[in-house]
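Engineer: Next comes the sequence, and after it the predicted model I'd like to discuss.
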Amino acid sequence: MDEPLLEVRDLFTQFQRVDDVVYAVNGMNFSVAPGEVLGIVGESGSGKSVSVLSFLGLLRDNVKLKSGTAKFRGTDLLRLGRRQLEDIRGRDIGVVFQDPMTSLNPVRRVGDQIMEGMITHHYASKKVALQRTIDLLGEVGIPEPQMRYRNYPFEFSGGMRQRVMIAMAIACEPQLLIADEPTTALDVTVQMQILALLQTLREKRNMSIIMITHDFGVATNFCDRIIVMYAGMVMESAPLAEFLNNSVHPYTIGLKSSIIEVGNKNKELVPIPGMAPVLTKPLNHCPYVSRCSVAQDRCEQELPELLHVGNEHYVACHRIEEVGIHAK
Amino acid sequence: MGLVQFLIKRVIAILITIIIVLAVAFTLMHVAPGSFFSSANISAQMGALALQSPILYQKYLKMFEARYGLNQPLMEQIVQYVWHSLTFNFGTSFENPSVPIITQLKTAFPISASLAVGSTILSIIIGIPLGVMAALKRNTWIDSLLTTVSVMGQAIPSFVSAVILVLVFGVWFPGLLPVNGWGTPENAVLPIIALSLGNIGVVTRYMRGSLIEGMRQEYIRTAQAKGVRYWSIVWKHGIRNSLTALVTVIGPTFAFTVVNTVWVENIFSIPGLGTLMASAFPSDDIPLAVTSVFILSLMVMGMNLLVDLTYGLMDPRIQLK
Amino acid sequence: MALTIGEVSTQKVLRRLQSNMAWRRFRRNKLAVVGLGWVIVFVIIGIIGPYIAPHNYATTNFLAANQPPSWNYPFGTDNVGHDMYSEVIWSVQNALEIAFGATLVSFIIGMALGLWAGLRGGVADMVIMRLVDFMYSFPTYFLDLILVTKLGRSMGPILLAIGITGWAGYARLVRSLVLSMRHGDMVEAARSLGASPAHIARRYLLPNAMNNMVVALAFGIPGDLTVMAGLSVVGMGLRPPLPSFGNMIAQAGSNILGYPWLMYIPAGIFAITLLSFLFVADGLQDALNPKGGY
Amino acid sequence: MQNSAPLLSVEGLSKQFQVRGRILHAVQQVSFEVVAGQTLGLVGESGSGKSTLGRTALRLLEPDQGNILFDGIDLCKLKPKELRSKRKAMQMIFQDPLASLNPRMTVGMAIEDAMIIHGMRSSLERRKRVDALLERVGLPQSIAQAFPFELSGGQQQRVGIARALSVQPKLIVCDEPISALDVSIQVQIIKLLQDIQKEMNLAYIFISHNLGVVQYMSDMVLVLYLGEVVEKATAQQLFAQPSHPYTRVLLDSILKVPESAARRKRMSVPPGEMPSPFAPPTGCPFHPRCSMAVDRCRQEKPHLQNVSPNHEAACHFAVSS
């Protein structure tokens, strides 16, 4: 396999709140190969966004602890100073956020906002950057870009705003694009347009994408590899084919049988009982144990490790053998 | 195009406000029982004359009535008064009948205006960097110090800080700066300081709050994701956006500054509108009192108009509405 | 998380818990606590003042005029021999009447008009908001001056004047609170339950607007105190010898070079009082409207 | 299927809003029926008017046109007081349960409030009923003393359901009741809604942008586009034979978890975005995005017509396709 573009090992992130500490990410491990599209799937509070934003230094300032390594092309991002990290953000790694309305500065022209990154990184001169901004707007599918670059965000529709965000993220031709729930705020038809756009851009540039989403449909149709997160941990990680056919973790299986889809009217929906744990204490056992149908004593005592079970397939479960056999 | 329409609308609104205020003030001052012009008051003032010399009394009464238009129907009096005021024809005061009020205003108004405007500008110039500092050093000792000091500045009225300044520069260190009068640039120093303390507090606190709020917005994170340098983010996305919001507090702040000017002028014996007012009100010199109020209110309304315009120019979302 | 409390009267317990949380946040703000202490002392002096003041505020004694602070006259005397100590004590009472009386008048007018405008909408809203804009477009202090000229320079008229000119801010606040809630899911849910407008106002709107209102009220008090004293500065405050901080400060101003103590003490106490009210208001703001978790 | 008399029958319902002088036709000429014990699904993208329709059908918003017959009574003719007392038969569940609950009421008080409004039972009985309701929606009784913000999203939605049930309604409008919830919680809530529907013979109007959920829940489905019904069919027919091009575009845009890696969906680009509801296109509202559009579609507005029994579509080509 290729040398990974990004390799994250043992990442921990904690937040200080007024009265307590939130253990948001509890030992996250994953890597992204050049050109790969990785999907990180999880429910709210599973730490899927936090884990990625934390090594990019994009979290608010109440982070209490950040540990582990996040090697991007050999450089550990967690060891970089603010200035060095700024050099990488926007130039080598672009980010698209969920809500394009609040993620754009409402009182600055979109053209200026797109040019800002290029000028910061001395990627292009002002004049070139302007031309490139217009080209980018055209490339992401905004009609009449030579007029529209002077508009303000509120003059665009939701889908168009997200296109502007994407143009901004790819302005300096990054090798890695992080898309944090980029279609969650959008209607299904627009979601499809945005995903199609991302796919085209990726193919043209051969950049890697990390797609953070709570939507299994989006992840499985868009990504090459899927990571399922729960309580700040990776529960299961597998290449798409393996994930679709052989996923074994009780949580993954529970989620799969909770998905309500068109055409599955007769599918038996099996709800996962209970709710996600409150992460105000360090984890010392499997976080899924209280909701798991196959849990044993051991699951309440030990934290499961992420183990390789073959075919680039990783699972964090004490009951892996029993479950695995059961699932097949 | 939208802006011109907006401007016309606002000017009309101001005109209506002024007319209402003038009409109400006139009615209150001239007609309501107990006013200077009520028959009870007139007979009390001139009763003795009526007994001594009824003819002279009648003559004086006629003159008095003609002079203040009392012989006309009330509605006409009001209309006339409003029209006169709008054309800056204020007549003469009771105390000083030989000098038209407009002449008095010509010296007093520039003094008050320069104090109010000067201190507003000074407060903005000083308050913004202090507010930015407090916001960026949030929850440190610098922040607590700045916040506490600005609360104190806000809480202590200008007439109290003015007397403290008089105490300091009049009693403790006399001769350093003049503590009363007007005419030299030095004369303006202490009054402007007294006026500005509170406003600096307001601007600092507002700027702090709005910058903290602004730096929490998601577009800040977007700028960070683009790799934009910290200070560039603070300036381009934080401070610039906060300034737009700051413009909106300048209106009310200026209104309060004008009131404070009245007080400070009295403490430092500055011959501005406030001093005129302080001599007019207690001695029931109604034309002068109402006129000073009118001029000062006009100043406030003018500033409000300017503020609205600036806001309209700064925020593209308003322009296009 | 879900609380487990005994079976009895849990609602009251919870209310207490909630107010405890607010109190805990308030207590964290040291300045607010100190301010509250001073406000309490101030209120007590205001109530018992007439009984503890050694002299009547109007008692003059020319033999003891212009004395610096001494054992007999702790705050000194002025040019007609008023005991400043007694004068300060009497002034506290007047200040309190304004602080709570005038502010309350404004508050009640503002709340009523704001509720009316926000709930009824339409023409009522338009008229009230025009009135609010009107009150906002020039300093109400000038209106107070004109009103006091008309109504007279004693306690009642001044209180009334300040009260009936100061409501615009409260009205605007209540209206905006009501409007923000009126079209929100909470009120929609209550309406879909079949709640009457009166029920919605009483059980949903007012309880949720109250915290903001209390904070606004607290911020209003120092403002009204300042305006009252400001009337004295241009010679239109309480008619002397009625005692007020404004009068003392205005009078001392003219004698400051000769008898500075006449200024130190009243101005100092007045400033500390205003600060205390503002710190308390600030503390209430943090305690009642905490913004987000982190 | 349509044998029993409908519980709710809506005819020609229209609702428009005025936004800064411009008229927005949020709902236009919509007719439908809801049978007791059954579910009517409303689907459409944001801005299609589905939420407005749900609210107008309950007369929470005043309709501009149309009739609403609920349980044999014309809702539009009721006086406000009569309407309020009728509300206990028709309830609502919201997308954001936290926003729909009063933050100053405990869960118990919130559920009780509905009973208080309708003058139900003594306080003791109310409490008993609160306990019973909490148990029914799967919450522990101790939660009655908690405040809404202390609960998880799923728990909050259960409280919303308990409150709606407290007055024993016949119809509940569910406005995106699960779209704010996590996948694993969604199924819990769906199951709960289905169970109580069976138990209490409830009718639902189920509003959602998620076609899968709508298919799962509904007996009949209305597809809305720019405030108009473009297709109306039994759930079975709609998903088996979508007749309106818009319905087909919607169904095409859905990303299902594929059975294998080879069968994942090609991201085809459905054309265009929903036009501004302020300036809807002439003729068929969908024509600018429709691959089949011809001149006739640009000029002539298609009306709902039968495609097959219980299946109508508003498309000039509906029958032939």
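Structural biologist: Now that the structure is in, tell me what you want to look at. Numbers count the residues shown, from 1 in each chain, chains lettered A, B, ... in the order given.
Engineer: tell me, how many neighbours does residue 128 end up with?
Structural biologist: Using chain A. By the criterion of other CB atoms under 10 Å in any protein chain shown, A:Val128 has 13 neighbours. From N, CA and C alone the C-beta is placed, and that goes for glycine too.
Engineer: Wait, chain C was what I had in mind.
Structural biologist: For C:Ile128, using other CB under 10 Å, the count is 21.
Engineer: List the residues that contact it.
Structural biologist: C:Leu113, C:Gly114, C:Trp116, C:Ala117, C:Ala171, C:Arg175 (CB atoms under 8 Å, 6 or more residues apart in numbering or on different chains).
Engineer: Please list all residues in contact with the last one.
Structural biologist: Going back to what we said before, that points to C:Arg175. C:Leu113, C:Gly114, C:Leu115, C:Ala117, C:Gly118, C:Asp125, C:Ile128, C:Met129.
Engineer: now with 6 Å?
Structural biologist: With contact taken as CB atoms under 6 Å, 6 or more residues apart in numbering or on different chains, C:Arg175 is in contact with C:Gly114, C:Ala117, C:Gly118.
Engineer: Now A:Met235. Its backbone dihedrals?
Structural biologist: Main-chain dihedrals, A:Met235, degrees, to the nearest 10: phi -90, psi -40.
Engineer: err, A:Ala124, not the other one
Structural biologist: Torsion angles, degrees, to the nearest 10, at A:Ala124: phi -150, psi 160.
Engineer: Report the spatially closest residue to it, excluding sequence-adjacent ones.
Structural biologist: Distance criterion CB to CB, 6 or more residues apart in numbering or on different chains; nearest residue to A:Ala124, sequence neighbours excluded, is A:Met118 at 4.8 Å.
Engineer: and the one you found, how many neighbours does it have?
Structural biologist: What A:Met118 shows, counting by other CB under 10 Å, is a neighbour count of 25.
Engineer: was I right about it contacting A:Ala171?
Structural biologist: Yes: with contact defined as CB atoms under 6 Å, A:Met118 and A:Ala171 form a contacting pair (5.2 Å).
Engineer: which ones are touching whatever residue of the stretch 151-300 of chain B ends up closest to chain A?
Structural biologist: Closest contact between the stretch 151-300 of chain B and chain A, by CB to the nearest CB, is at B:Gly227 (3.2 Å). B:Gly227 is in contact with A:Glu86, A:Arg89, A:Gly90, A:Arg91, A:Thr120, counting by CB under 6 Å, 6+ apart.
Engineer: Now do the shared contacts for A:Met118 and A:Ala171.
Structural biologist: By CB under 6 Å, 6+ apart, no residue touches both A:Met118 and A:Ala171.
Engineer: got a list of contacts for the longest helix belonging to chain A?
Structural biologist: Ranked by residue count under DSSP state H, the longest helix found in chain A is helix A:188-205. Helix A:188-205 has contacts (CB under 6 Å, 6+ apart) with A:Gly159, A:Gln162, A:Thr183, A:Ile209, A:Phe222, D:Ser253, D:Met267, D:Val269, D:Pro270.
Engineer: repeat that for 8 Å
Structural biologist: A:35, A:37, A:139-141, A:158-159, A:162-163, A:166, A:170, A:173, A:177, A:179, A:182-183, A:186, A:207, A:209, A:218, A:221-222, D:45, D:209, D:211, D:249-250, D:252-255, D:267-270, D:273.
Engineer: what about burial for those, which qualify?
Structural biologist: Among the contacts of helix A:188-205, those that count as buried by neighbour count (16 or more other CB atoms under 10 Å in any protein chain shown) are A:35, A:37, A:139-141, A:158-159, A:162-163, A:166, A:170, A:177, A:179, A:182-183, A:186, A:207, A:209, A:218, A:221-222, D:45, D:209, D:211, D:249-250, D:253-255, D:267, D:270, D:273.
Engineer: the bottom helix or strand of chain A by mean pLDDT?
Structural biologist: One helix or strand of chain A scores below all others by mean pLDDT, DSSP states H and E: helix A:320-327, with a mean of 63.
Engineer: which bits of the stretch 51-200 of chain B sit near chain A?
Structural biologist: Residues of the stretch 51-200 of chain B found near chain A (CB under 8 Å from any CB of the partner chain): none.
Engineer: Would you tell me whether the helix or strand containing C:Ala267 gets close to chain D?
Structural biologist: Assigned by DSSP states H and E, C:Ala267 belongs to helix C:261-288. No: using CB under 8 Å from any CB, helix C:261-288 stays clear of chain D, with a minimum separation of 11.9 Å.
Engineer: Wondering if that helix reaches chain B at all.
Structural biologist: Yes: counting by CB under 8 Å from any CB, chain B is contacted by helix C:261-288 at C:Met263, C:Tyr264, C:Ala267, C:Phe270, C:Ala271, C:Leu274, C:Leu275, C:Phe277, C:Leu278, C:Phe279, C:Asp282.
Engineer: buried residues in that helix?
Structural biologist: In helix C:261-288, the ones that count as buried by 16+ other CB under 10 Å are C:261-267, C:269-271, C:273-288.
Engineer: quick one: low-confidence ranges for the stretch 151-300 of chain B?
Structural biologist: Judged by pLDDT under 70, the stretch 151-300 of chain B has no weakly predicted residues.
Engineer: In it, which residue sits closest to chain D?
Structural biologist: For the stretch 151-300 of chain B, CB to the nearest CB, closest residue to chain D: B:Glu218, 18.9 Å.
Engineer: Which element, helix or strand, includes the residue lying closest to that residue once chain neighbours are set aside?
Structural biologist: Setting aside the residues directly before and after it, B:Glu218 is nearest to A:Thr102 in space (CB to CB, 6+ apart), at 4.2 Å. Taking DSSP H and E as the criterion, the element that holds A:Thr102 is helix A:100-103.
Engineer: Quick check: next helix or strand after that helix?
Structural biologist: helix A:110-120.
Engineer: Which phi and psi values does the residue of the stretch 51-200 of chain B found nearest chain A adopt?
Structural biologist: Chain A sits closest to B:Arg138 of the stretch 51-200 of chain B, with a gap of 9.0 Å, by CB to the nearest CB. For B:Arg138, the backbone dihedrals are phi -50, psi 140 (criterion: degrees, to the nearest 10).
Engineer: Quick one: distance of stretch B:188-208 to the chain centre.
Structural biologist: Going by CA atoms, centre = their mean, to the nearest Å, the spacing between the C-alpha centre of stretch B:188-208 and its chain's C-alpha centre is 14 Å.
Engineer: before we move on, what about stretch D:71-80?
Structural biologist: That offset, for stretch D:71-80, works out to 21 Å (CA atoms, centre = their mean).
Engineer: picking that back up, go ahead and confirm the residue nearest to B:Glu218 touches B:Tyr219.
Structural biologist: Yes: in this structure, A:Thr102 is within contact of B:Tyr219 by CB atoms under 8 Å, at 6.8 Å.
Engineer: can you pull the contacts of the residue of the stretch 1-150 of chain D found nearest chain C?
Structural biologist: When scored by CB to the nearest CB, the stretch 1-150 of chain D has D:Arg87 as its residue closest to chain C, at 3.3 Å. For D:Arg87, the contact set (CB under 8 Å, 6+ apart) comprises C:Arg191, C:Ser192, C:Leu193, C:Gly194, D:Leu58, D:Val167.
Engineer: so of those residues, which ones are in helices?
Structural biologist: C:Arg191, C:Ser192, C:Leu193.
Engineer: now, among the residues you listed, which is nearest to chain B?
Structural biologist: Nearest to chain B among those, with distances taken as CB to the nearest CB, is C:Arg191, at 30.2 Å.
Engineer: The closest one contacts D:Leu58, correct?
Structural biologist: No: shown here, C:Arg191 and D:Leu58 do not form a contact pair, counting by CB under 8 Å, at 9.4 Å.
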